[in-house]
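Visitor: Show me how the following folds:
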Amino acid sequence: MLMSLSASVHYRCKSILKSQQQIRHICHHSRGSTYSPTLPVLSRLQTEIAIRDFHRTAARFRYDEHSRLSLSVSLLTGAHTNMICNIEKFREQLAAGRFCLGAGITFSDPTVTEALTDSVDFFWIDLEHNPTSLESMTGHLLAARAGGTPALVRVPSGEIAWIKRVLDAGAEGIILPQAQSADDVRAFVSACRYPPQGTRGFGPRRPSNYGRRGGRDYLEHANRHLFVVAQIETVSALNQIDEIVEIPGLDSLVVGPYDLSGSMGMLGEVHHADVKAAITTVVGKARAAGLYVGMGMGADRGHALEAAQLGVNWAQCGNDYEYMIRTVDGLFAEVRKELA
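Guide: Here you go, the predicted structure:
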């Protein structure tokens with residue numbers, strides 16, 4: 001099967017295959033790790049994913065030696081049979097205290113996501129404020145998965161029809177925007193979890209590897225690994241924060257500073273003392289309840305650093321068009337200044 005690939009890819013695959021024994025040896029001597037003594041023939045997709053992940057492992061070896069190597073081995077040994085395959089890296093990074101930075105995705109072309117996979121900790125694919133179709137979203141999910149990067153999808157609303165289609169398309173994490181109450185969040189979490197933990201309807205395609213893994217093992221895996229997030233950006237939700245953080249099955253809250261400031265009657269004043277106090281309350285309550293906390297924001301270095309200092313664990317810091325515009329505007333301004 002490797003012979004059907006290009007010469008370049010074929011060479012890289014051979015290099016990875018030759019490295020399997022060394023990787024297995026390292027993982028075997030890592031505490032609590034296991035490995036399979038036999039390796040099946042790689043499919044084309046598994047090979048391409050393995051190539052990407054192996055080279056990312058080498059580049060980021062200093063950060064997380066054990067989890068990266070373990071993931072590479074799972075890909076190479078054929079253990080990569082479930083589509084929710086990258087979100088655990090995100091959880092491990094958060095648990096290790098890493099401030100995770102992600103890119104907002106608004107364009108339809110999945111090569112945008114593919115190009116950014118080596119630069120970000122996660123993707124925030126936004127369906128709330130952008131005309132992104134489900135087909136485009138699916139392309140981004142595939143690109144993120146191939147690049148070994150977790151992807152969270154913010155749905156337009158908490159309607160069950162949106163939740164079903166996004167999750168059945170293979171989203172590893174899902175975000176509810178504009179939560180108004182604890183009941184809103186509770187209903188959303190329930191719709192994301194299969195019975196008995198919730199009420200999610202059964203109809204997975206990609207998440208179950210197109211039916212190859214559809215029994216109890218899949219159901220338990222989906223309930224355990226899906227990353228469910230509620231966005232706190234209204235005063236009404238803020239007033240019920242004590243109840244919200246105790247909802248079973250909720251993994252994280254994410255603060256929407258702009259809409260929260262608007263709900264407080266001061267739209268855009270995200271650095272106002274009252275807005276910062278509200279954000280501090282959300283972060284403190286969530287962290288005390290064992291939840292992670294994220295924040296959405298523009299491409300603003302200062303805002304990201306401030307969020308980290310407040311105790312936020314992860315941040316969607318800007319989006320695709322911001323990165324493009326800022327780079328072009330800055331570069332061209334510098335060139336024109338030198339030529340003036």
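Visitor: Report the contact partners of the residue lying closest to G158 once chain neighbours are set aside.
Guide: Spatial nearest neighbour of G158, excluding adjacent residues (CB to CB, 6 or more residues apart in numbering): F188 at 4.7 Å. Every C-beta, even on glycine, is put in place using the N, C-alpha and C of the backbone. The contact partners of F188, by CB atoms under 8 Å, 6 or more residues apart in numbering, come to 158, 163, 176, 179, 228, 230.
Visitor: 10 Å - rerun?
Guide: By CB atoms under 10 Å, 6 or more residues apart in numbering, the residues touching F188 are 155, 157-160, 163, 174-176, 179, 198, 228-230, 247, 249-250.
Visitor: Buried subset of these as a PyMOL selection?
Guide: One line in PyMOL is enough to select the buried members of these, burial here meaning 16 or more other CB atoms under 10 Å:
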select buried, resi 155+158+160+163+174+175+176+179+198+228+229+230+247+249+250
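Visitor: any idea how far the residue nearest to G158 is from L94?
Guide: According to CB to CB, to the nearest Å, F188 and L94 sit 21 Å apart.
Visitor: what about the spatially closest residue to Q240 that is not a sequence neighbour, how many neighbours?
Guide: In this structure, Q240 finds its nearest non-sequential neighbour in A182, 4.6 Å apart by CB to CB, 6+ apart. By other CB atoms under 10 Å, the residues close to A182 number 20.
Visitor: Over to the one 4 residues further on?
Guide: Neighbouring residues of R186 were enumerated by other CB under 10 Å; the total is 19.
Visitor: Also M295?
Guide: M295 has 27 neighbouring residues, counting by other CB under 10 Å.
Visitor: close enough to count as contact, it and Q316?
Guide: Yes: using CB atoms under 10 Å, M295 is in contact with Q316, at 7.4 Å.
Visitor: which residues do the two both contact?
Guide: The contact sets of M295 and Q316 overlap at 254, 304 (CB under 10 Å, 6+ apart).
Visitor: Quick check: the gap between the closest residue to A308 other than its chain neighbours and A286.
Guide: Counting by CB to CB, 6+ apart, F99 is the residue found nearest to A308 once chain neighbours are left out, at 4.7 Å. F99 is 15 Å from A286, where distance means CB to CB.
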